[in-house]
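Engineer: heads up, no residue letters with this:
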């Protein structure tokens, strides 16, 4: 994570400030007037009735006709949503990891209380022989144990925690050598449904047996063939170690075909420890050759692949990660499937009690891949249900993508996945804010220090990795207890992100970014100066997070309230509108499914970049591409 951007100045309303000042001016024991409500005007509240959500979904966006309409005759359930809305939003992005940033010559010096790190904005006073840093975040006095040449020189610094300092001219996120030694595993579904066909009107392609129809497996073969050809022409691509793992009733470890196929079947598919151990031992033998030597063998293997039976996706995924983990950090597993995992570890075609075990399995595999620096991406085919909601965390943890695609157009999506470069592994982001502030709309497990510290385990990071968060002023009761805080004279508040990660050379680093955020008491000023990219990204990411927990109406309300707060800003509203309408469509689809039968087929995923490509809807998390 390399850059921290705020959407606007820190907004603290006049009403908040005046309410606190009035309370402090009252004599001890004097009560506030009954008509004075501390919550009235203290927060910027957005609220909406559920029936308004349906109306808003039918509004045209960007001059186009409405695309979603709620069905007539349906009785609407009334629910009122209220939430605090303002421009106090910050985004941290990984895309600037490779930019030149100052390396610190000393060690990070944390505050003894809040653990904020001494930074470029920190002030030092001399008290006798001691240099004292009064922490700008919490007010704690710290005796500074740094030499002057060790003071941070800019607001963004990198501390090397483990490893060697980079050579002259090397950027912080840049490897010292080209990305050689990468392993790439194609994990391919050979279950019976991959033989399904669709009409095809283009020129006959390699692997096709009919000039008018093409199977899903043929589409996957063509896409992999094309990508291998492109890699083979690239000097770096030729160094990749590429292998295949296939799955149906059994899991077949093919690797680069330098060794005979290894088949896992029966009870072996239910044994996590044995599968991991044996696949790890076999990795060198099955993944020993670079692509320039294995290319012909791989193409011959593609030709012989045939469909057969069930979908042992879970065991195949574990085997693939074990193989890829023997490569360099940034190695990749690409899963190609069209069905629901229904055999062995990670079986999703089970009752709810067993489903919890399967969810735990996929999380365990995701954690393993994250620790090994392996990126997992999942490609599933249009209109088929494979419980992507369960597989999505695997991609999130590892910096991969989730794509739902039309089989005929799968090639371009393969290329996007293979071109995405991993920037860092084992990424943990900690954000510290001023003690008068508090994080808003975050799970309790992520916040500490009286809600002034936010910690999130990101896992692997690519240039598209980003997190956002909201903050607000603490409650009147809390602020009144802080005798050293006067909102009237508070002109700026500090924000600091501390990002711990391993770079692609294995060095463990700490990147510290500190901002001194100017304060405004005027809503109009805050909204006028708002960073549209930050607001739009935050609304999308937060709505996606809420929707993934199963509350589509809450996600819609979140988007609606932000759109209303922004007012007449057409650019932001047009970014929010497709998201909102997609959530409405999913809400209607879910209602219809409940009325008919319980069916795991429907699954909406949440994307950060598909909308920009004109292929999907921007919903802020992993990517889904809807080709028709």
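Structural biologist: That came through fine. Note that the structure is a prediction, hence the values are computed from the model and not measured. Residues are numbered from 1 along each chain as shown.
Engineer: flag the shaky bits of the stretch 451-600 of the chain, pLDDT-wise.
Structural biologist: Within the stretch 451-600 of the chain, the segments meeting pLDDT under 70 span 548, 550, 566-600.
Engineer: looking at this, residue 514 is in a strand?
Structural biologist: Yes. Counting by DSSP: H, G, I helix; E, B strand; the rest coil, residue 514 falls inside a strand.
Engineer: list the contacts of it.
Structural biologist: For residue 514, the contact set (Cβ atoms under 8 Å, 6 or more residues apart in numbering) comprises 117, 119, 120, 121, 155, 156, 494, 495, 496. Quick note: C-beta positions are derived from backbone N, CA and C, even for glycine.
Engineer: and if you look at residue 130?
Structural biologist: 143, 144.
Engineer: and with 10 Å instead?
Structural biologist: 141, 142, 143, 144, 145 (Cβ atoms under 10 Å, 6 or more residues apart in numbering).
Engineer: pretty sure the third one sits against residue 134.
Structural biologist: No. Proximity of residue 143 to residue 134 does not meet the contact threshold set by Cβ atoms under 10 Å, at 11.2 Å.
Engineer: in PyMOL, how would I select just the buried ones from the contacts of residue 130?
Structural biologist: Buried members of the contacts of residue 130 can be picked out in PyMOL with the line below, counting by 16 or more other Cβ atoms under 10 Å:
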select buried, resi 142+144
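Engineer: out of the contacts of residue 130, who's nearest residue 480?
Structural biologist: Checking these against residue 480 with Cβ to Cβ, the nearest one is residue 141 at 23.2 Å.
Engineer: report the separation between that closest one and residue 111.
Structural biologist: 10 Å (Cβ to Cβ, to the nearest Å).
Engineer: what sits in contact with each of the two?
Structural biologist: 133, 134, 135.
Engineer: and which of those residues is nearest to residue 151?
Structural biologist: Within these, the smallest distance to residue 151 is 10.4 Å, found for residue 133 (Cβ to Cβ).
Engineer: who does the closest one form a beta bridge with?
Structural biologist: Taking DSSP bridges as the rule, residue 133 bridges to residue 124, residue 142.
Engineer: that one contacts residue 143, correct?
Structural biologist: Yes. Using Cβ under 10 Å, residue 133 is in contact with residue 143, at 8.0 Å.
Engineer: close enough to count as contact, residue 144 and residue 118?
Structural biologist: Yes. In this structure, residue 144 is within contact of residue 118 by Cβ under 10 Å, at 6.9 Å.
Engineer: determine the residues that are contacts of both of these two.
Structural biologist: 109, 124, 133, 150, 151.
Engineer: for residue 369, see how far away the second one is.
Structural biologist: Relative to residue 369, residue 124 is positioned 44 Å away (Cβ to Cβ).
Engineer: which parts of the protein are helices?
Structural biologist: According to DSSP state H, the chain carries its helices in the segments 14-25, 50-57, 216-232, 272-286, 291-304, 313-324, 352-372, 388-398, 410-419, 476-480, 523-528, 532-548, 552-566, 570-596.
Engineer: what residues of the fourth one count as buried?
Structural biologist: Buried residues in helix 272-286, counted by 16+ other Cβ under 10 Å: 272, 275, 276, 278, 279, 282, 283, 286.
Engineer: let's have those in JSON lines, adding pLDDT and distance to residue 330.
Structural biologist: Formatted as JSON lines, these follow (pLDDT from 0 to 100; distance: Cβ to Cβ, whole Å):
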{"residue": "272", "pLDDT": "95", "distance to residue 330": "25"}
{"residue": "275", "pLDDT": "95", "distance to residue 330": "24"}
{"residue": "276", "pLDDT": "95", "distance to residue 330": "21"}
{"residue": "278", "pLDDT": "94", "distance to residue 330": "25"}
{"residue": "279", "pLDDT": "94", "distance to residue 330": "20"}
{"residue": "282", "pLDDT": "91", "distance to residue 330": "22"}
{"residue": "283", "pLDDT": "89", "distance to residue 330": "16"}
{"residue": "286", "pLDDT": "90", "distance to residue 330": "20"}
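Engineer: closest to residue 105 out of the residues you listed?
Structural biologist: Of those, the one sitting nearest to residue 105 (Cβ to Cβ) turns out to be residue 283, at 40.4 Å.
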